[in-house]
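S.K.: Got a sequence here, can you model it:
(one chain, ligands or ions: 1)
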Amino acid sequence: MDTLLVTGGAGFIGANFVLKAVEDGFKVINLDKLTYAGNLRTLESVANSPSHLFVQGDIGDRALVTSLLAEHRPYAVVNFAAESHVDRSIDGPAQFIETNVVGTLGLLEATRDYWRGLDEAAQAAFRFLHVSTDEVYGSLGEEGFFTETTSYAPNSPYSASKAASDHLVRAFHHTYGLPVLTTNCSNNYGPYQFPEKLIPLVIQKALAGEALPVYGDGLNVRDWLYVEDHCSAIRRVLDAGRIGETYNVGGNSERANIVVVKTICAMLDEVVPLADGKPHEGLITFVRDRPGHDRRYAIDASKLKKELGWTPSHTFESGIRATVQWYLDNKPWVQGILDGSYQLERLGS
Ligand code: NAD
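M.R.: Next up, the predicted model:
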């Protein structure tokens, strides 16, 4: 009961999860394709650990997944691997279907076959945990929250592909009996997030004294969760979640995008003021909106709280402060990315 197969563990949330799991004594087999979003620098501290084995490969490669399962006999598979950026899904939806739908299907089939071959006790203990998003539920008006019974209504190619993968996971439980769990989480932020996403993008642009692009009127609302809290929720669901159930994960921290950007600006004013002494807020520039931009997401995470006792340990204020400080303290990590395929340009317009 100590070996996990984690997919996508070189990405933002997956790597945060892997680092903590290794620290907590798990053995982690980390399967990641190393797309533009995968980064081995994030895993440097566990690179030589006997408790961490990195394998470069695709979740849709059934032969590879089958051999990893047979060799390492994990008691759970935790599936983070995905194409994850809405803007990239607008530019090129096909890769999202390839990984998030077809790839997840391959992973499910290989896992089902491995699970069928386990003895009764190991079958009962086994879990397949699928990490998904609140974006599958579509967009809210000014009132209300997503619950686990909200109908799926995905609006972007990204959320449509995640919705399809959630349905496949559900179907593998009902059709084959695979013991699955699904988590649907709100927007994450924190250490090691690829700088195409709002919070690290704004931090990088602000540090460079460049315009801070805000889509549309800046009033789109997201619920924000510090990545450590998402990882602790996944661990809790893995330990105690009811088989076949889905759990919404959220931070109870709704913020309009413009408020998020202004909060970052105010923190940077304190710790790294601009040379001319002007506030960073003056760099904010409203740009053409994202096509199909969902207006508001808000999560009701009371099922997870009531059933499994999980609550987030960070407020938005403490999490964003820790995040800004992390990016200030880890400039070479970001520079390693900016020297490669991405230079903070606009995507998905
Ligand atoms: P990310 O883009 O930072 O990382 C994804 C990782 O998956 C990368 O390391 C990449 O190399 C790997 N990968 C991509 N395709 C692969 C394939 N075919 N086979 C193996 N590995 C592959 O993403 P993230 O932000 O860490 O998100 C992780 C998961 O959490 C995703 O499933 C995403 O949908 C979900 N999620 C993310 C958020 C968020 O705010 N970031 C919120 C809720 C749910």
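S.K.: Could you use CA atoms for every contact and neighbour count after this?
M.R.: Will do.
S.K.: ok, now how distant is residue 308 from the ligand?
M.R.: 19 Å (C-alpha to the nearest ligand atom, to the nearest Å).
S.K.: Am I right that residue 95 falls within a strand?
M.R.: No. Residue 95: not assigned to a strand; according to DSSP: H, G, I helix; E, B strand; the rest coil it is helix.
S.K.: which residues touch the closest residue to it other than its chain neighbours?
M.R.: Of all residues not flanking residue 95 in the chain, residue 83 sits nearest, at 7.4 Å (C-alpha to C-alpha, 6 or more residues apart in numbering). Residue 83 makes contact with 95, 96, 99, 100, 158, according to C-alpha atoms under 8 Å, 6 or more residues apart in numbering.
S.K.: Name the helix or strand for residue 83, please.
M.R.: Using DSSP states H and E, residue 83 falls within no helix or strand.
S.K.: go on, residue 333?
M.R.: helix 331-338.
S.K.: Do that helix and the ligand come into contact?
M.R.: No. Under the criterion of C-alpha under 6 Å from any ligand atom, helix 331-338 makes no contact with the ligand; the nearest approach is 12.3 Å.
S.K.: what's the offset of that helix from the middle of its chain?
M.R.: 20 Å (C-alpha atoms, centre = their mean, to the nearest Å).
S.K.: okay, now residue 294: neighbour count?
M.R.: 18 (other C-alpha atoms under 10 Å).
S.K.: And the one 10 residues further on, by the same measure?
M.R.: Here the number of neighbours of residue 304 (other C-alpha under 10 Å) works out to 21.
S.K.: give me the element it is part of.
M.R.: Counting by DSSP H and E, residue 304 is found in helix 302-308.
S.K.: try residue 77
M.R.: Per DSSP H and E, residue 77 falls inside strand 76-79.
S.K.: Could you check how far that strand is from the centre of its chain?
M.R.: 14 Å.
S.K.: if we can go back for a sec, show me which of the contacts of residue 83 neighbour the ligand.
M.R.: residue 99.
S.K.: And the contacts of residue 83, which is closest to the ligand?
M.R.: Closest approach to the ligand among those (C-alpha to the nearest ligand atom): residue 99, at 4.5 Å.
S.K.: quick one on the thing from earlier: state the mean pLDDT of the helix holding residue 304.
M.R.: Averaged across helix 302-308, pLDDT comes to 98.
S.K.: close to the ligand, is the next helix or strand after that helix?
M.R.: Going down the chain from helix 302-308, the next helix or strand is helix 316-329, by DSSP H and E. No. Between helix 316-329 and the ligand, judged by C-alpha under 6 Å from any ligand atom, nothing touches; the nearest distance is 13.9 Å.
S.K.: for stretch 83-90, same thing?
M.R.: Yes. Judged by C-alpha under 6 Å from any ligand atom, stretch 83-90 and the ligand are in contact via 83, 84.
S.K.: average pLDDT for that stretch?
M.R.: Stretch 83-90 comes out at a mean pLDDT of 96.
S.K.: Look up the residues forming beta bridges with residue 182.
M.R.: Judged by DSSP bridges, the bridge partners of residue 182 are residue 130, residue 246.
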